[in-house]
Every structure is written in structure tokens, then in C-alpha cells.
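Trainee: starting from these lines, generate the structure:
(one chain, ligands or ions: 1)
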Amino acid sequence: MPRNTEVIALPTMTPGTGRNLTVHRFGRQGARPKVYIHAALHADELPATMVVHHLMPMLETAEAEGRIKGEIIVVPVANPIGLNQNLGSYFSGRFDLSTRENYNRNFPADWNVVADAVRDRLTHDAEANVSLIRDAAYAYVAEQKPASELDALRWKLLELSVDADYVLDLHCAATALVYLMIYKDCLDIGGCELSADIGSRASFLIDWYPDKRTFMTTTASLWSRVREAVPELPVPQGLMSCVVEYRGRLDVSDALGRPDAENLLRFLMRRGVVEGRFDPPPQALCAPVPVSHMVLVTAPAGGVVVYNKMLGEPIKAGDVVCEIINPLDPDTARARTPVHAPVDGIVFDTRNDHLARPGSVVYRMCSDQPQDRRVDQAPQDD
Ligand SMILES: [Zn+2]
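Mentor: You can find the predicted model right below:
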């Protein structure tokens, strides 16, 4: 079956203007497992678009050879609104300039509606419950009639993904290693394998943050919400949802994109979505840990940041990871404020603009030990 491409027009916000969402479908619609992959929801995070760019021809080949057993939906550019935001020569793809909202926040679904819709129809048959919840969630999402372009985009992304078995939301950080954020209930339904397959250097189990409502936590938390509403009946986690952070913003290349795509394809083979020979799981580069292992270190002063430690280098508490330089102070020693590591672990993400303001995050660590103060805090501060 040839690849099926759909171009979906988003509502126009101003007469004579408009944007489209392009959706590629591989395999047979309705086949299982269903996988949903999109890139660049934060539109200025382009490394993931290179992964998808290399993955799609691999899927085309697999489809031509009849090896796609499930259904795979690929949205190479999940945010055409953000991709179009250019101020002067600055590309601004993280926040919507009209609403000032982070594009990966405020996904609007209220899963209590779905819980109420299925409450009286769930049984002791867990598999049947999964199908029922998927159908009800899809029906609820598909019937929405949002007026604005941004709301329509968010609902459409949910409509494409809500009934999937796997959702991969591909992002990148500032200057970073490959790392992974997996919804907390998804470790045993592919999360561990994905972490190893993509070569993640830090993998975090993420809770549901109702005040953030990211795409990943919104899609995954459908199952938690229904389970909480009907605790007496079996409601398994029907969807593995995760965010893959493909290094830093400048890591856009064929040399990285192609092997990253091969790694994803191997994961899809391992999970029975694509048929083919695949290697055993590679040696995991890290063990997934609760998000309480993620430590955000903030700047004690404003200035220019220089880093003394490499990403991924083993760090001991007290090590000077970076210094913040006051460029106005002629005394070289006095101008530098060291920023010490608060814990043992590795640094997996640093700033790429090298400019700190007091209180802004200058680096993030994966700690060897859980940190009490991060319990119930979202992994990012914006
Ligand atoms: Zn992002």
C-alpha cells in the first residue's frame, strides 16, 4: 500500500492567510500496534525533523516490502504556526507570539469526560476496556470544534494520537545529550527498550502535571484518569507516551539524523510494528529513574556563562560546573562566580546562549540519588 499523505488546513486567523498540517500514514489504518510520531512541536527544535527525514524513506521501503504490520502516523512538522514565526532574523518557535503560550502546554482535553462516558460500560476484561477507552477518547477529541488556529492544532494532534499504542514526541534541548522523558506508567510497555534503543544518556519517569498539560502527559494521562475514576476494574496503561530530546538545537545533521532514525526503526521492529530482523537491545547507557533525580541548577548572578565540565562527564558534588562572568568587572578573579554541582551525577543539558540572568537555569543534572525537593515539580521551568 503506498504512503498516504493528508494535508489538513488549520483555521485561518486572518483573511488571505493560512497554514496546513501535513500527515503521512504508513501501514493499514486501524492496524495494531499504532504508532504516532511527530517532530518540532517546539518549532525551533529542528534536530528531530532530521530524524523523521531519515525515518520516512525507511518506512516507505518497509511498506513497499509489506513489512509494516501496524499503523504509523508521522507528522514531520507538528507546529506550522511556530515554524512561521520570524522576528527580524530571529526564529521564535517555543512560544506562540499571539497568546504567549508555550506550544507544549495547555493541551485542552478533559479526560474526566471520557471516564464518565465509559464508566458504566467497563468490565473485568482489560483488553476490551482498552478498546472501549480508545474509541471513547477518539470520539470525544474528534467532535471538538475549536475556533482558533492554535486550539485546532492542539486538538488535531490529540485526534491523531489519542488512540495510539505508542506516542513519540520528538524535541531537543539547548545544548544536550540525547535524553528521554517517559510517562511514569510506561516503563514496562516499551519505555525501557526505547531508552536503550535510542542511546538515551538520562531517562526520567514523568508524572502528570495538571498545571502544565504537555502533549506527552496529556496523551498518557487519559489512562490514569480513567483508572482513578473506576478503580475496581482493570484499566491498563494503553499507551506508551514519551518525549525524546535529540541533543541540542544546533545538532542538526545527516550524521546524527540517520543513525537516530535507524535506532527508532529498530524500536518499531522490536515492538512488532515493522517486521524485520533486528539486533538484541543495545547495552543501555543509563537506567530510567524518577524525575526526582533531575536537578535544575540556577544562576546566582547574571552574566556570561562558561562551562568547565563536559556533558555526560561524571561530576561530584562541589565540582565547579560553570562560572558566570561579569563582563564589566576588570578584576578577572572577582568577575567570576563559580556554580558548584549540588549533587553527584552528570550534566545532561546546558544553556546555548551563554547568558545567565539571576535565577535562570544554567544547567540540568541527572543525580545519582533522588532529590526530595523535586518531587511533584515539572521537569522544566517554562
Ligand atoms: Zn521542546
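
Trainee: stretch 215-225 and the ion in contact?
Mentor: No: shown here: stretch 215-225 not in contact with the ion (C-beta under 5 Å from the ion), separated by at least 9.8 Å. To be clear about C-beta, it is placed using only N, CA and C from the backbone, and glycine gets the same treatment.

Trainee: list the buried residues of that stretch.
Mentor: For stretch 215-225, a neighbour-count test (16 or more other C-beta atoms under 10 Å) marks 215-225 as buried.

Trainee: what does stretch 225-242 give?
Mentor: 225-227, 229-230, 233, 235, 237-242.

Trainee: what two of those residues are the furthest from one another?
Mentor: Greatest spatial distance among the buried residues of stretch 225-242 (C-beta to C-beta): Leu233 and Cys242, at 26.3 Å.

Trainee: identify the bridge partners of the residue nearest the centre of the chain.
Mentor: The residue lying closest to the centre of the chain (C-alpha atoms, centre = their mean) is Val243, at 2.2 Å. On the basis of DSSP bridges, Val243 is bridged to Asp169, Met181.

Trainee: surely it and Leu180 touch.
Mentor: Yes: here Val243 reaches Leu180: they are 7.2 Å apart, a contact under C-beta atoms under 8 Å.

Trainee: for the stretch 251-382 of the chain, which segments count as helices?
Mentor: 254-270, 332-335 (DSSP state H, counting those that start in this stretch).

Trainee: so which of these gets nearest the ion?
Mentor: With C-beta to the ion as the criterion, the ion lies closest to helix 254-270 of these, at 15.8 Å.

Trainee: now do the closest one, average pLDDT.
Mentor: The average pLDDT within helix 254-270 is 97.

Trainee: hmm, who's touching that helix?
Mentor: 35, 37, 47, 50-55, 58-59, 62, 72, 168, 178, 190, 193-194, 197-199, 246-247, 274-279, 281 (C-beta atoms under 8 Å, 6 or more residues apart in numbering).

Trainee: buried stuff in stretch 128-143?
Mentor: Buried, per 16+ other C-beta under 10 Å, within stretch 128-143: 129-130, 132-134, 136-138, 140-141.

Trainee: what angle sits between the helix or strand hosting Tyr246 and helix 254-270?
Mentor: Taking DSSP states H and E as the criterion, Tyr246 maps to strand 240-248. In terms of direction (axes from the mean of the first three to the mean of the last three C-alpha atoms, to 10 degrees), strand 240-248 departs from helix 254-270 by 160 degrees.

Trainee: low-confidence regions, the protein specifically.
Mentor: 1-2, 373-382 (pLDDT under 70).

Trainee: hmm, try it at 90
Mentor: 1-3, 87-90, 207-212, 278-282, 371-382 (pLDDT under 90).

Trainee: can you list the residues of it near the ion?
Mentor: Residues of the chain lying near the ion (C-beta under 5 Å from the ion): 42, 45, 171.

Trainee: which residues touch the last one?
Mentor: Under the criterion of C-beta under 8 Å, 6+ apart, the contact list for His171 reads 40-42, 45, 48, 104, 243-246.

Trainee: and the first one, by the same measure?
Mentor: Residues touching His42, when contacts are defined by C-beta under 8 Å, 6+ apart, comprise 79, 82, 93-94, 103-104, 171.

Trainee: residues near Pro358, how many?
Mentor: Neighbourhood size, Pro358 [other C-beta atoms under 10 Å]: 11.

Trainee: CA atoms of stretch 259-268 as PDB?
Mentor: The C-alpha trace of stretch 259-268 is given here as PDB (Å, rounded to 0.1, in the frame of the first residue of the first chain):
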ATOM      1  CA  PRO A 259      21.600   6.700  13.000                       C
ATOM      2  CA  ASP A 260      18.900   8.200  15.200                       C
ATOM      3  CA  ALA A 261      16.300   7.100  12.600                       C
ATOM      4  CA  GLU A 262      17.800   3.600  12.400                       C
ATOM      5  CA  ASN A 263      17.500   3.400  16.200                       C
ATOM      6  CA  LEU A 264      13.900   4.300  16.100                       C
ATOM      7  CA  LEU A 265      13.200   1.800  13.300                       C
ATOM      8  CA  ARG A 266      14.800  -0.900  15.400                       C
ATOM      9  CA  PHE A 267      12.500   0.000  18.300                       C
ATOM     10  CA  LEU A 268       9.500  -0.200  16.000                       C
END
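
Trainee: thank you, goodbye.
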